[in-house]
Every structure is written in C-alpha cells, then in structure tokens.
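Quick one, what's the 3D model for this:
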Amino acid sequence: MKSFLVALICVSTVAYIDSATSTVDPTALKLAILRKTCIAMADLDDDHVKQVVTYNYTDDEKMRQYFKCVFENTGLWDMETERFQIDVAVKHYKFDLDEDEVRKIFEVCLNYRTAVLMDWIVPFHKCLAASKVGDKAKKAAEAAKKYMS
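Numbering: from 1, shown residues only. The predicted structure is shown next:
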C-alpha cells in the first residue's frame with residue numbers, strides 16, 4: 001500500500017510539473033517531492049511531519065526511517081557498500097556555497113557515524129541542520145512549502 005501511495009504522489013507531482021510554469025524553483029520542487037515521498041514511506045504522523053518542517057527532530061524510529069528514505073532516494077547512501085556517499089552529498093547540497101566548505105561541513109557531521117546507520121542518522125541530520133548547508137536547505141524548504149499541499 002505504501003508503495004502505491006508513493007507512486008501516486010510521484011505521478012501526481014510529475015503531472016503538476018508538466019503543467020507548471022517556468023517560475024517553478026527546481027530545488028524546492030525536488031525537496032517537496034522527496035519530503036512527500038519519505039513522509040509517506042516512513043508513515044509519519046502530524047507530530048513527525050512538524051519535526052521535518054521545523055528541523056527539530058527527535059531520535060526515534062519514525063524519524064530514522066524518514067531519514068533513511070532521504071538517504072536512499074538522494075543517493076547519499078550506497079545500499080551495496082552501506083557507505084555514505086560524500087561526493088554525492090556535496091554535489092546535491094552545495095547550493096551557492098564553496099565546495100570545500102560544504103565537504104568540511106559533511107565531514108564534521110559524519111563524526112556522528114557509527115557502524116549502524118540507524119544509530120547516527122538523526123544526530124547527523126541535526127548537525128547538518130545547524131550548519132550553513134542547513135541554512136540553505138531551510139531556505140529551499142521554505143520555497144518548497146508551496147508544492148507540499
């Protein structure tokens with residue numbers, strides 16, 4: 001059922017993109033699609049959705065599943081090697097920042113890494129949200145709100 005809902009969301013969003021004007025912010029739209037997909041996949045309740053949009057996360061199973069979905073759907077997590085893909089992260093979240101600065105931010109946040117992804121995935125995102133990359137992501141998220149309804 002979850003797979004069906006995710007597919008429906010994606011198809012609806014693609015149909016919306018096709019009918020949208022050239023004023024669509026592609027970064028915001030990608031973020032909206034990702035959020036909708038992962039909110040559905042993790043089956044988040046209203047409280048957890050609020051955490052996603054306010055960047056104030058609790059470290060619980062639902063948030064871990066949400067962030068795992070984000071990692072997997074953005075290519076940040078290589079399923080075969082079970083490793084974080086820092087080059088993909090830097091490319092995906094560079095915004096208008098210097099690439100070396102973004103890499104250093106990710107390296108700092110990756111200090112939370114342990115052997116088990118689900119043990120460090122929320123602290124990693126809290127660290128990232130508190131950084132310059134997080135500030136840029138929050139601005140993109142603000143722009144994405146218009147695509148979230």
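
Going by C-alpha atoms from here, please, whenever you check contacts or count neighbours.
Fine.

Show me where this structure dips below the pLDDT cut-off.
1-25, 27, 148-149 (pLDDT under 70).

That one: strands as residue ranges?
In the chain, the strands defined using DSSP state E lie at 77-78, 83-84.

Please tabulate the ones you listed in JSON lines, including the columns distance to Cys109 and mean neighbour count.
Listed next are those as JSON lines, based on distance: least, CA to CA, whole Å; neighbours: other CA atoms under 10 Å:
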{"stretch": "strand 77-78", "distance to Cys109": "15", "mean neighbour count": "17"}
{"stretch": "strand 83-84", "distance to Cys109": "12", "mean neighbour count": "15"}
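
Quick one: these as CSV, columns for distance to Val133 too.
Compiled in CSV, the strands of the chain are given as follows (distance: least, CA to CA, whole Å):
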stretch, distance to Val133
strand 77-78, 18
strand 83-84, 17
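
Could you say which one of those strands comes nearest to Lys146?
The closest of the strands of the chain to Lys146 is strand 77-78. By CA to CA, the value is 28.0 Å.

who touches that closest one?
71-72, 83-85 (CA atoms under 8 Å, 6 or more residues apart in numbering).

Give me the sheet partners of that strand and which way each runs.
Strand pairing for strand 77-78, determined by DSSP bridges: strand 83-84 (antiparallel).

my read: Val122 touches Asp59, true?
Yes: taking CA atoms under 8 Å as the definition, Val122 is a contact partner of Asp59 at 5.8 Å.

who has more neighbours, those two?
A direct count of neighbours by other CA atoms under 10 Å for Val122 and Asp59 places Val122 higher, at 23 against 15.

out of the contacts of strand 77-78, who's nearest Ala130?
Phe71 (18.2 Å).

export the contacts of strand 77-78 to CSV and tack on distance to Phe106?
Formatted as CSV, the contacts of strand 77-78 follow (distance: CA to CA, whole Å):
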residue, distance to Phe106
Phe71, 13
Glu72, 17
Arg83, 14
Phe84, 10
Gln85, 10
